[in-house]
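In: Fold the stuff below for me.
(3 chains)
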Amino acid sequence: MSSSTHPRHLVRLHDLNADELNDLLDLSARIRARTGIATQRPLDGRAIGLLFFRGSLRTRVSLEAAVHSLGGHPINLNAESDFWELEHTEGVVMDGRAPEHIRDAAAVISKYVDAIAIRTAIGHRSWKEERRDLAIEAWTRYADVPVINMESALWHPLQALADLLTLRDELGELRGKRLAISWVQSPQPLSPAPIHSLVSAAMRMGMDVNIAHPPGYELDPGVLEDARQNSDSELRTGLTQKDAAEGARIIYARSWRSLETWDNPTLSASRLAKHADWRITEDLMATGEEARLMHAMPVRRNVEVTDEVLDGERSLILRQAENRLHTQKALLSRFLRP
Amino acid sequence: MSSSTHPRHLVRLHDLNADELNDLLDLSARIRARTGIATQRPLDGRAIGLLFFRGSLRTRVSLEAAVHSLGGHPINLNAESDFWELEHTEGVVMDGRAPEHIRDAAAVISKYVDAIAIRTAIGHRSWKEERRDLAIEAWTRYADVPVINMESALWHPLQALADLLTLRDELGELRGKRLAISWVQSPQPLSPAPIHSLVSAAMRMGMDVNIAHPPGYELDPGVLEDARQNSDSELRTGLTQKDAAEGARIIYARSWRSLETWDNPTLSASRLAKHADWRITEDLMATGEEARLMHAMPVRRNVEVTDEVLDGERSLILRQAENRLHTQKALLSRFLRP
Amino acid sequence: MSSSTHPRHLVRLHDLNADELNDLLDLSARIRARTGIATQRPLDGRAIGLLFFRGSLRTRVSLEAAVHSLGGHPINLNAESDFWELEHTEGVVMDGRAPEHIRDAAAVISKYVDAIAIRTAIGHRSWKEERRDLAIEAWTRYADVPVINMESALWHPLQALADLLTLRDELGELRGKRLAISWVQSPQPLSPAPIHSLVSAAMRMGMDVNIAHPPGYELDPGVLEDARQNSDSELRTGLTQKDAAEGARIIYARSWRSLETWDNPTLSASRLAKHADWRITEDLMATGEEARLMHAMPVRRNVEVTDEVLDGERSLILRQAENRLHTQKALLSRFLRP
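Out: Next comes the predicted model:
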């Protein structure tokens, strides 16, 4: 099913230009209102490989439902039961653990499916290594069909698409509105990928972004620098929760691991223990300007955010989750048009 | 895909009234005879989430085949590879192992699918705790779409539906007929859930029920009490195999764990060792009245039941298994009508 | 969905007669050229069970894509998460690890699906035991629907079908052409099943076959003997790589475990260490007669075969992999015709 022209990939949201991005959000809203393409079956007879090198609930279910509702067939593959470690270094003598090279896996799977969606494994190397995103990069190099990033170390464009639609629904024009992002406490912080994609997308849309985090929890400097260079908006980092929330229309909570101690669990845990008071409460929400809560989930209730905020009128978390479905339908129908 | 009205759930067979239950069995028989709804596609474009917190063979394959044959798409999720431990206590500070609350998982998945079928994890707590069935109860509380119980600690309504159809096929009118249920030996006894659902359903249909088991293997007292209160039929428990089989038209075999030693494997094994002679043989079958064998499987041959009985003319076990497919098609087409 | 007549199974390629085999290859080529049956949906409304007792990538994805493109629904089952160990000995007292007998699993699954494809577990017993292929044999005995072998200890007919189509594409008439098969080094040699099926099929088509391997890596004597008896072609074994390659149009590489030390990993590893120089290089390829490379994958690059050969013009490995899809579509549409 490969074509002779180089396929279009979606590794980060930058892979879409501004017009394409706005078109996708418009189409997503039409699909949600059932006036869009969802009543047709643009993926009829087509198969999409979903390769999970890490577990997933929202992404797995929402993407599988999206593929099916467009007439396509999702083929789920789990690293634990269905395949194996893959090598990504070129020219290597493969006498180690990995029995197959991504080059071959990608070329072969491209013969069987019309697109490949991938969630990479992360957490085994230093951040300096992880941030290179070599696995997803290798998939895009060797696949003959579109590769869609379902979350790599650096980026989570599918979450950012849903976040953008939610922001647009809530705020209308985004330019000049303030988004506060707050690191929060968790016994198991996750990856910064959704935040990287969000900062980048929100800045591009003209939002001012405030980021609150304790010392040692800085986001990736390359991502921040790139976001600044592609926007006239203001980006402030390293704020306290209260400073970040002031004037914010949205407070977006996420617990991410320290990039400095990324591959050092012991040091990471001891650093984490010092910041037990970083959580989202009604008091903090009241600091914003009619502020709404966003969170990509999973969320540890009463650790990251209190029940009161999560279940109250300020919470947009279920609309965010629902928008995963609509934006993914829009994306698939655009990326895989016949 | 959630609706504004409260969804209909199927946790136990009581959730269907007598008319609905009879209607379902009639429809199942028509589907089996290919005169029923199976030739249409009532689930066209709809997705059903199948969440397995425990492994399954019959339920997994028969339900997936049923969903597909009705035009729908099953989304399989396995606790081991696809998701994670979920918290079900309300208001808790989630600083333990579970990274997500059922409240959020159920609300989110409800946005993506049209029904959620669940097999809960069991075996980690005392029976007193397990019998509360808090996990499935939490799913029904938080989901916006129908929740179907694929076996919880207490109930297995899908097995009971297939069992009822098999009983009706074999015996015609059930009122006044005698059903013997016999505990049998196994190195790994399973859950009493199918038996709880069966006793409850058979009594409601007017069958007299004899239950044979060694001391210490009593079924859940609350379930038995409830079955007695909703029926004029006779229920006798704690019988010997021979006493139970006398006059019985059906002998239904199952090995269940002792509820008294539910969370104590050592004590459980030592108690189990004393009852090595509890199995179903031709001699026992001959004690009944032209008695037929039923068993929900998996069955340990020549431990629980002899090959001679399993493979002989008295055995209904394959008809029971086949009826899982037909009754589930009927249930899905009724529960998910457009 | 079982029928009253005995179902047709595909355990080894011999289960197809010469006319059927040629018809399948012709149909595969038409499907590839999109003039064949692939535009119809011969599996509409039908389900195929895919049971993996060992992991798989190519087979899993290509077969799932084939089933879907023909209108059917694949039901994937993984031994690790979805089911359990199955007993295959008849008449046994099942007081061991396996909670269910293949007899019952096969009979039940036959009620739910229209065909059962199986990849058996291997590697736990001596080769003398493994070669009996008792598990797949038990499935064929007890299933009421066609059983398709997705790789057992002894055979891999689906790979051989794709290999035959690739050979025919490349060489036209196969009679009298020379095929060299070379054992190659790997830290984790795999099963000889694809080679057994290939030798058998190629000899039957009239190819001369040269097999190169170090001492102790002989293929199964029963398979070789059978191949000789069903062919007038020449079969030479135990050759050096260079001797085998001389005059060969195709050099087929595979690393298989020593059958002599099959269940002895320590002895196996020490034997393996002696043959580190068995790999496919450009020099070796040049020994053949305009020789092309074939490999069933996964391939350990620069251990089994050099990058230069794998990525050069001589390599047919991606065409082989693609042909898995086309030949499986052909097979399914023939085996499961309404």
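In: can we go C-alpha only for contacts and neighbour counts from here?
Out: Noted.
In: Quickly note the distance from A:Arg41 to chain B.
Out: 10 Å (CA to the nearest CA, to the nearest Å).
In: Ignore what I typed, I meant A:Arg119.
Out: Applying CA to the nearest CA, the value for A:Arg119 to chain B is 12 Å.
In: try A:Glu308
Out: A:Glu308 sits at a distance of 10 Å from chain B (criterion: CA to the nearest CA).
In: A:Lys274 now?
Out: 15 Å.
In: ok, now which ones touch that residue?
Out: A:Lys274 makes no contacts at all, as judged by CA atoms under 8 Å, 6 or more residues apart in numbering or on different chains.
In: To which secondary structure element type does it belong?
Out: Judged by DSSP: H, G, I helix; E, B strand; the rest coil, the three-state class of A:Lys274 is helix.
In: Retrieve the pLDDT associated with it.
Out: Looking at A:Lys274, its pLDDT reads 89.
In: What segments of chain A are helices?
Out: For chain A, the helices defined by DSSP state H occupy A:18-32, A:58-69, A:102-112, A:127-130, A:134-142, A:157-171, A:193-204, A:221-229, A:241-245, A:265-272, A:282-287, A:307-310, A:317-335.
In: Of all the ones you listed, which one comes closest to C:Ala115?
Out: helix A:102-112 (21.1 Å; CA to CA).
In: Name the surrounding residues that touch the closest one.
Out: Under CA under 8 Å, 6+ apart, the answer for helix A:102-112 is A:1-2, A:47, A:49, A:86-88, A:116, A:135, A:138-139, A:142-145, C:58, C:61-62, C:65, C:298, C:318, C:321-322, C:325.
In: Buried ones among those?
Out: For the contacts of helix A:102-112, a burial check counting by 16 or more other CA atoms under 10 Å in any protein chain shown picks out A:2, A:47, A:49, A:86-88, A:116, A:135, A:138-139, A:142-145, C:58, C:61-62, C:65, C:298, C:318, C:321-322, C:325.
In: Kindly list the main-chain dihedrals of the residue of the stretch 51-200 of chain A found nearest chain B?
Out: Closest contact between the stretch 51-200 of chain A and chain B, by CA to the nearest CA, is at A:Gly55 (5.1 Å). Main-chain dihedrals, A:Gly55, degrees, to the nearest 10: phi -60, psi 160.
In: Now A:Asp133: closest residue in space, sequence neighbours ignored.
Out: A:Ala153 (6.2 Å; CA to CA, 6 or more residues apart in numbering or on different chains).
In: Ok, A:Leu198 next?
Out: A:Ala160 (5.3 Å).
In: what sits against the one you found?
Out: A:13, A:194, A:197-198, A:201.
In: can you list the residues you listed in TSV and add pLDDT and neighbour count?
Out: Below are the contacts of A:Ala160 laid out as TSV (pLDDT from 0 to 100; neighbours: other CA atoms under 10 Å in any protein chain shown):
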residue	pLDDT	neighbour count
A:Leu13	94	20
A:Pro194	98	25
A:Ser197	98	25
A:Leu198	98	26
A:Ala201	97	24
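In: Show the pLDDT at A:Glu151.
Out: On the pLDDT scale, A:Glu151 gets 97.
In: residues near it, how many?
Out: A:Glu151 has 28 neighbours, counted by other CA atoms under 10 Å in any protein chain shown.
In: and it, how far is that from A:Gly222?
Out: 18 Å (CA to CA, to the nearest Å).
In: now A:Pro157: how far from chain C?
Out: In terms of CA to the nearest CA, A:Pro157 sits 25 Å off from chain C.
In: Check A:Glu173 too.
Out: With CA to the nearest CA as the criterion, A:Glu173 and chain C are 43 Å apart.
In: Got the confidence number for that residue?
Out: 96.
In: Thought A:Glu85 was touching A:Arg97, still the case?
Out: Yes. Judged on CA atoms under 8 Å, A:Arg97 makes contact with A:Glu85 at a distance of 7.2 Å.
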